[in-house]
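K.L.:
for reference, the sequence and a predicted model appear below.
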Amino acid sequence: MGHELEGHTHLVSLINYAVGFECHACDRSYGAGFSCGECKFAIHMDCQYLFRFQEILDHPSHAGHCLKLLTAGAPDHTDPKCHLCSRNTKRLLYHCFDCKLNLDIDCMIDHICARAHLNMSWHHHPLIILDLGSRMFCNFCNDGGKRGYLCPRCRLVIHKGCVSVFDSPEIIHPSHVRHPLKLITNGAPDYTDRKCHVSGDNAGNLLYHCDICKFNLNMRSAVIKPTPATLSNMKVHEHTLTLMPRLISFVCDACGTDGDRSPYVCLQCDFMVHQNCAHLPRVIHVNHHDHRVSYKYPLGLRELKCGVCWEEIDWSYGAYLCSLCPCYALHSLCATRGDVWDGKELDGVREKFEDTKPFKRNRNNTITHFAHEHKLMSLNKGEEESSLCGACVRPIGSYTFYKCSKSVCSFILHETCADLSKKKRHFLSPTPLALNLYNKSHTGSCTACHQAFCKGFIYSASPWNFDLLCSSITVPFIHGSHEHHLLYLKLQYGNVKTCQSCGFDEDRVVIGCKKCDYYLDFRCATLPVTLSLPRYDDHPLTLCYGDEKASGKYWCDICERETNPKTWFYTCEDCGITLHVFCVVGDIRYAQQGGKIQFDFKLRPNNASSRPFCHECGCRCPGSFIVKHIKHDISLCSYYCFSRFQNIESMGVRTICPPWGLEPNT
């Protein structure tokens, strides 16, 4: 996702505090910032004010000429050294196109500071007053916009309305009662770790400090939301907990992980916990288990593995345990993750048991299913073998099924599909998933695998929709492509994993093995291992997981393009043919003739003697279905090309499948 940087023409990416990077405007290595892929520069948020000074006309060393801010380094025909300090310039610099001279950012900051004329008693440098804009944030309230003060040298930014905090240059705070804390407006001193000693967050430019104890306290912990000195009636412990506001290494009794500062302690019990763990709930519901789980400390002498991360649980610390399934437990931090727990404390809340059965059985050997208005008859086998199930949109085959009792209605369900629970808990959503019949008139795609669907059943938890395959995956997930079990991983912003199957990057959810750095996106993790494709081969096709030692060239018999033996492909052991994965399975699940993709686009069988050309990518449509406009002669080979044709990506729908037969990054 791109962000606008005021004064810069390109969209930039956000760099969070955890990522160390070289700012091209200062020498600091800490703090959040932005990076521009076009200009190849990175800049701290605190340094972005430079873009407010795009042109300087009154520099005393270069009067009469305009110095312009450049973002891609010194021009090739100029000396990269600053003509004032003789140091090499960074990618951000000021340049005079008339004299071909360069000026280092540090030298320019000296000039900008010289222009500052507001002298305030609470800061030792002159200040500039300006409109902060949406991307410059006040160091006190952390909001943007409004007018405020700027110190170019200290990178201090503060709203005019927030300066009341400076009325008390010294305070006595409950978290540090030994000495007064002094207000500092130019960041934590170099002899400290630059973090708040209570919260562990970045101390920022504006903080309170004790130079005797080298103690830092940021504004959030000191003024905005002070950390309580004591906590009573907590779920994790029966006694009052007292804050120990100092840097100290410890192991948290509630979660079993290390801490390095300001725990809450109970001296009576020798009990010590992280500040966050002091607020752990007692009873919760997690999406990995059907029953409630309760916090227990200590867990007790037993050998258990966490139901989320599948690592061993140290029984001497706190964890969550299911009272109905005594072998099911979770680490405290795994159980309370945002993608596992819905945030609701259930202690004292009466449990409601909801009927999740999808149908009611009638006396006349029929059922009444919630997804269909008529009664359904139970049948074993018959002429409906080639009919498509209304849930999974696959042939009924030789399986037992239910068929609508009305002769004019063709609705039919596999017995197993008819028995799908109306609601279930699944790791893809912290809230329960609800089963629905997808029959909307607009495009839908699975949030996990990003493939389109136009018919059948889906599981939903607003605003997410998941197809039956993705919502049927259980963890640990066993896959033939890897020797270890795979676990679900929700990726944080900026964290990208490459799928071992297709080579495409995924930045949302993957199934993987962290130990081996092996990851699969949901599209590839749910590929069928064997399938039949009578149109191209009479034998079953087998999914091949790639062979780096393969020699020679392989060609797809469908699109007649070269296949990459290092990525997955389908092959026939009898005939020796190879086929691209996308050429075989496509990128539209629940595909059915006449199924509507969007508005005037429907699926049509690709069974003509000559395959049509795709209107978007220009390739011949190789799949079993084509996306066809009802009125106009427009054929599209895939959901990928349909999305590009409709510009759906700009509307927030994500598509990642390539055109037929093309390899990653083609």
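P.N.:
In hand now; what should we look at?

K.L.:
now the strands for the stretch 251-400 of the chain?
P.N.:
Chain-ordered strands for the stretch 251-400 of the chain, with DSSP state E, counting those that start in this stretch as the definition, fall at 258-261, 264-266, 271-273, 283-284, 293-296, 304-305, 312-313, 319-321, 329-331, 359-361, 366-369, 375-379.

K.L.:
for this structure, which helix is longest?
P.N.:
Taking residue count as the measure and DSSP state H as the definition, the longest helix of the chain comes out as helix 105-115.

K.L.:
Thr428 touches Asn465, doesn't it?
P.N.:
Careful, residue 428 is Leu and not Thr. No - at 10.3 Å, Leu428 and Asn465 do not qualify as touching, with contact defined as CB atoms under 8 Å. For the C-beta atoms, the positions are set from N, CA and C on the backbone; glycine is no exception.

K.L.:
how much space between the closest residue to Glu345 other than its chain neighbours and Tyr191?
P.N.:
Leaving aside its sequence neighbours, Glu345 sits nearest to Pro281 (CB to CB, 6 or more residues apart in numbering; 4.2 Å). Here the distance between Pro281 and Tyr191 works out to 39 Å (CB to CB, to the nearest Å).

K.L.:
cool, and Arg282?
P.N.:
Counting by CB to CB, the gap from Arg282 to Tyr191 is 42 Å.

K.L.:
between the two, point out the one with more neighbours.
P.N.:
More crowded of Arg282 and Tyr191, by other CB atoms under 10 Å: Arg282, with 15 against 8.

K.L.:
list the contacts for that one?
P.N.:
With contacts defined as CB atoms under 8 Å, 6 or more residues apart in numbering, Arg282 is in contact with 235, 294-295, 345, 347.

K.L.:
nearest to Thr498 among those residues?
P.N.:
The closest of the contacts of Arg282 to Thr498 turns out to be Tyr295 (CB to CB; 37.5 Å).

K.L.:
gap between the residue lying closest to the closest one once chain neighbours are set aside and Cys334?
P.N.:
Once its chain neighbours are removed from consideration, Tyr295 has its nearest residue in Arg282; the separation is 5.1 Å (CB to CB, 6+ apart). Applying CB to CB, one obtains 17 Å for the distance of Arg282 from Cys334.

K.L.:
for this structure, name the helix or strand with the lowest mean pLDDT.
P.N.:
Among the secondary structure pieces of the chain, namely its helices and strands, strand 596-598 has the lowest mean (mean pLDDT, DSSP states H and E), a mean of 76.

K.L.:
neighbouring contacts of the helix or strand just after that strand?
P.N.:
In the C-terminal direction, the helix or strand that comes right after strand 596-598 (DSSP states H and E) is strand 601-605. Among residues not part of strand 601-605, those counted as contacts by CB under 8 Å, 6+ apart are 454, 588, 591-597, 624-630, 636, 642.

K.L.:
isn't Phe137 right next to Asp143, touching?
P.N.:
Yes - in terms of CB under 8 Å, Phe137 counts as a neighbour of Asp143; the distance is 6.5 Å.

K.L.:
mind listing the helices for the stretch 501-650 of the chain?
P.N.:
Per DSSP state H, counting those that start in this stretch, the stretch 501-650 of the chain carries helices over the ranges 522-525, 581-585, 639-646.

K.L.:
what is the burial count for Thr474?
P.N.:
10.

K.L.:
then Val198?
P.N.:
Residue neighbour count, defined by other CB under 10 Å, stands at 24 for Val198.

K.L.:
helices and strands around the least confident helix or strand of the chain, which ones?
P.N.:
Using 3 or more CB pairs under 8 Å, 6 or more residues apart in numbering; DSSP states H and E as the contact criterion, the secondary-structure elements in contact with strand 596-598 are strand 601-605, helix 639-646.

K.L.:
give me whichever of these is most buried.
P.N.:
Here the criterion is mean neighbour count by mean count of other CB atoms under 10 Å, and of these the winner is helix 639-646, at a mean of 23.

K.L.:
on that earlier part again, tell me who's in contact with the residue nearest to Glu345.
P.N.:
When contacts are counted by CB under 8 Å, 6+ apart, Pro281 touches 235, 295, 336, 345-347.

K.L.:
domain parsing for this structure?
P.N.:
Following automatic domain parsing, the chain resolves into domains at 3-115, 128-165, 168-224, 230-278, 281-335, 359-418, 487-525, 530-585.

K.L.:
mind checking which of these is nearest Ser121?
P.N.:
domain 168-224 (8.7 Å).

K.L.:
ok now that closest one, how far from the chain's centre?
P.N.:
Averaging C-alpha coordinates over domain 168-224 and over its chain gives two centres that are 33 Å apart (CA atoms, centre = their mean, to the nearest Å).

K.L.:
looking at the contacts of Pro281, which is nearest Phe401?
P.N.:
Leu346 (39.5 Å).

K.L.:
ok, now how distant is the closest one from Lys235?
P.N.:
11 Å.

K.L.:
now do Glu311
P.N.:
Between Glu311 and Lys235 the distance, using CB to CB, works out to 24 Å.

K.L.:
which one's more surrounded, these two?
P.N.:
Lys235 (16 against 11).

K.L.:
shouldn't the more buried one be in contact with Tyr295?
P.N.:
Yes - with contacts counted by CB under 8 Å, Lys235 reaches Tyr295, the gap being 6.4 Å.

K.L.:
quick one, what contacts the residue nearest to Glu351 when sequence neighbours are not counted?
P.N.:
Using CB to CB, 6+ apart and skipping the chain neighbours, the partner closest in space to Glu351 is Arg292 (6.7 Å). By CB under 8 Å, 6+ apart, the residues touching Arg292 are 283-285, 322-323, 346, 351.

K.L.:
phi, psi of Arg292?
P.N.:
Comment: the main-chain dihedrals of Arg292 come out as phi -70, psi 150, following degrees, to the nearest 10.

K.L.:
check what pLDDT it gets.
P.N.:
Confidence per residue is given as pLDDT, and for Arg292 that number is 97.

K.L.:
so how far is Val283 from it?
P.N.:
6 Å.

K.L.:
so how far is Lys602 from the nearest residue to Tyr438 once chain neighbours are set aside?
P.N.:
Setting aside the residues directly before and after it, Tyr438 is nearest to Ile458 in space (CB to CB, 6+ apart), at 4.7 Å. Here the distance between Ile458 and Lys602 works out to 19 Å (CB to CB).

K.L.:
same check, this time on Leu531
P.N.:
For Leu531, the distance to Lys602 (CB to CB) stands at 24 Å.

K.L.:
show me the shaky parts of the stretch 551-666 of the chain.
P.N.:
551, 648-666 (pLDDT under 70).

K.L.:
for the chain, same thing?
P.N.:
Along the chain, the model assigns pLDDT under 70 to residues 1, 17-18, 381-383, 439-443, 547-551, 648-666.

K.L.:
I'd assumed Ser481 was in contact with Cys513.
P.N.:
No - Cys513 is beyond contact range of Ser481, at 10.4 Å (criterion: CB under 8 Å).

K.L.:
off-centre distance for stretch 156-174?
P.N.:
Distance, centroid of stretch 156-174 to centroid of chain: 36 Å (CA atoms, centre = their mean).

K.L.:
same question but for stretch 501-516, I mixed them up
P.N.:
12 Å.

K.L.:
what about it, how long is it end to end?
P.N.:
Taking CA to CA, to the nearest Å, the first and last residues of stretch 501-516 lie 15 Å apart.

K.L.:
just to revisit the earlier point, with respect to Ile412, which of the strands of the stretch 251-400 of the chain lies nearest?
P.N.:
Minimum separation from Ile412 across those (CB to CB) falls at strand 375-379, 8.2 Å.
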